[in-house]
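Colleague: no sequence on this one, just coordinates:
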Ligand SMILES: [Zn+2]
Ligand SMILES: [Zn+2]
C-alpha cells in the first residue's frame with residue numbers, strides 16, 4: 001500500500017486523509033460539477049467514504065438528491081462530492097497535497113464539456129456517465 005491520500009483546502013482549516021486505494025479517477029465535465037467547482041471540469045479521485053478522515057469545518061450542499069458537495073466554509077475551496085448511499089466520496093485533485101500522484105483514467109459527461117477544451121489524451125471519453 002502506498003502513502004495515504006491526503007489533502008486540504010487553501011487556508012488549511014480543513015484536512016482529509018485516507019489509507020484506501022482509489023476506486024476510480026475521473027475527470028467529470030458535467031454542468032453540476034462545473035458550477036460546484038467553479039472550474040471547467042472536475043478531476044476527482046473517488047475513495048470509500050468510510051475510510052476518509054476529515055478534520056476541520058466542512059460546509060455541505062446537496063447538489064442532487066443523492067450527492068452532497070463539501071467545501072471549506074472559511075476559504076471556499078471545493079473539496080468533496082459525497083454519495084452516502086454508495087459509501088463513496090470524490091476528492092478534488094486540486095486539493096490533494098500531491099496533485100501529480102494520480103492521473104484520470106477516463107473523461108465522463110463530455111456531452112457538456114466546455115467548447116474551448118480540447119482533449120488531447122487517448123483516454124476513454126464517455127458522453128454521459130461511465131458505463132456500469
Ligand atoms: Zn479553508
Ligand atoms: Zn460531474
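Modeller: All right, it came through fine. It should be emphasised that the depicted structure is a prediction, and the values quoted were computed from it without experimental measurement. Ligands and ions are numbered 1, 2, ... in the order given.
Colleague: and residue 60, what does it touch?
Modeller: Applying CB atoms under 8 Å, 6 or more residues apart in numbering, we find residue 60 in contact with 68-70, 82. (C-beta placed from N, C-alpha, C; glycine too.)
Colleague: So what's the gap between stretch 40-60 and the chain middle?
Modeller: Distance, stretch centre to chain centre, for stretch 40-60: 7 Å (CA atoms, centre = their mean, to the nearest Å).
Colleague: so does that stretch get close to ligand 1?
Modeller: No - shown here: stretch 40-60 not in contact with ligand 1 (CB under 5 Å from the ion), separated by at least 7.5 Å.
Colleague: which stretch of helix or strand covers residue 91?
Modeller: strand 88-92 (DSSP states H and E).
Colleague: what are the pairing partners of that strand, and which direction each?
Modeller: Sheet partners assigned to strand 88-92 using DSSP bridges are listed as strand 42-48 (antiparallel), strand 78-83 (antiparallel).
Colleague: near ligand 1 at all, it?
Modeller: No - using CB under 5 Å from the ion, strand 88-92 stays clear of ligand 1, with a minimum separation of 12.6 Å.
Colleague: Kindly report the residues of the protein close to ligand 2.
Modeller: Within the chain, the positions near ligand 2 by CB under 5 Å from the ion are 28, 30, 33.
Colleague: any chance of the residues you listed in CSV, with pLDDT and distance to residue 48 too?
Modeller: As requested, the residues of the chain next to ligand 2 are exported to CSV (pLDDT from 0 to 100; distance: CB to CB, whole Å):
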residue, pLDDT, distance to residue 48
28, 98, 18
30, 97, 22
33, 97, 20
